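Peer 1: Return atomic coordinates for the entry below.
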Amino acid sequence: MCDVRRCLGHHREYGEPWSDEHIAATLNRMGLPTAQGKTWTAKRVSSIRRVRGIHAYKSAEKDGEWLTLTEAAKASNVTAHRIRSLIAAGILPAQQVVPGAPYQINASDLRDPRVTTAMRRKGRPCQSPPESQIPMFTDT
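Peer 2: The predicted model follows:
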């Protein structure tokens, strides 16, 4: 139940940015059933939010500070795969409430020079040649 509470917003800084649909999908992906052994739906998540006093997701209040992986890709004009690679390489910081939950990316991190350089790099964004390495071919 601890993971369920965390997904539902026990840690409010993580719980509020996500819609009930996102939370239900994450709980189902994690294989965590409801107390009655059922799968999660947006309606069941909403019910738990009301019982626990956790504020519901309100898209109008979303200020753009925290982005989903898809939103970060769109804002950066790159693919979601590129964003996922940057996260995996530790170049782009991202948070997950629990493993398997959607990533939360701070919009300001997308403007970090290390991140923007990696996004522009062709090929593998996560591997930078060492500064002492002399290129075999020059860009012409």
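Peer 1: CA only for contacts and neighbour counts going forward, please
Peer 2: Fine.
Peer 1: Counting by contacts, list what the host helix or strand of residue 48 packs against.
Peer 2: According to DSSP states H and E, residue 48 maps onto helix 42-52. The contact analysis (3 or more CA pairs under 8 Å, 6 or more residues apart in numbering; DSSP states H and E) places helix 42-52 against helix 2-8, helix 20-29.
Peer 1: so where do the helices sit in the protein?
Peer 2: Taking DSSP state H to define them, one finds helices in the chain at 2-8, 12-15, 20-29, 42-52, 69-76, 80-88, 113-120.
Peer 1: Which of those has the lowest mean pLDDT?
Peer 2: Among the helices of the chain, helix 12-15 carries the lowest mean pLDDT, at a mean of 46.
Peer 1: which residues does residue 77 contact?
Peer 2: Counting by CA atoms under 8 Å, 6 or more residues apart in numbering, residue 77 makes contact with nothing.
Peer 1: Read off the pLDDT value for it.
Peer 2: Reported pLDDT for residue 77: 93.
Peer 1: Just put the helices of the chain in JSON lines and tack on distance to residue 100 and mean neighbour count.
Peer 2: Below are those laid out as JSON lines (distance: least, CA to CA, whole Å; neighbours: other CA atoms under 10 Å):
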{"stretch": "helix 2-8", "distance to residue 100": "11", "mean neighbour count": "18"}
{"stretch": "helix 12-15", "distance to residue 100": "14", "mean neighbour count": "15"}
{"stretch": "helix 20-29", "distance to residue 100": "7", "mean neighbour count": "19"}
{"stretch": "helix 42-52", "distance to residue 100": "17", "mean neighbour count": "15"}
{"stretch": "helix 69-76", "distance to residue 100": "13", "mean neighbour count": "17"}
{"stretch": "helix 80-88", "distance to residue 100": "13", "mean neighbour count": "18"}
{"stretch": "helix 113-120", "distance to residue 100": "23", "mean neighbour count": "15"}
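Peer 1: need those in TSV with distance to residue 36, can you?
Peer 2: TSV is the format used below for the helices of the chain (distance: least, CA to CA, whole Å):
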stretch	distance to residue 36
helix 2-8	14
helix 12-15	22
helix 20-29	14
helix 42-52	11
helix 69-76	32
helix 80-88	35
helix 113-120	44
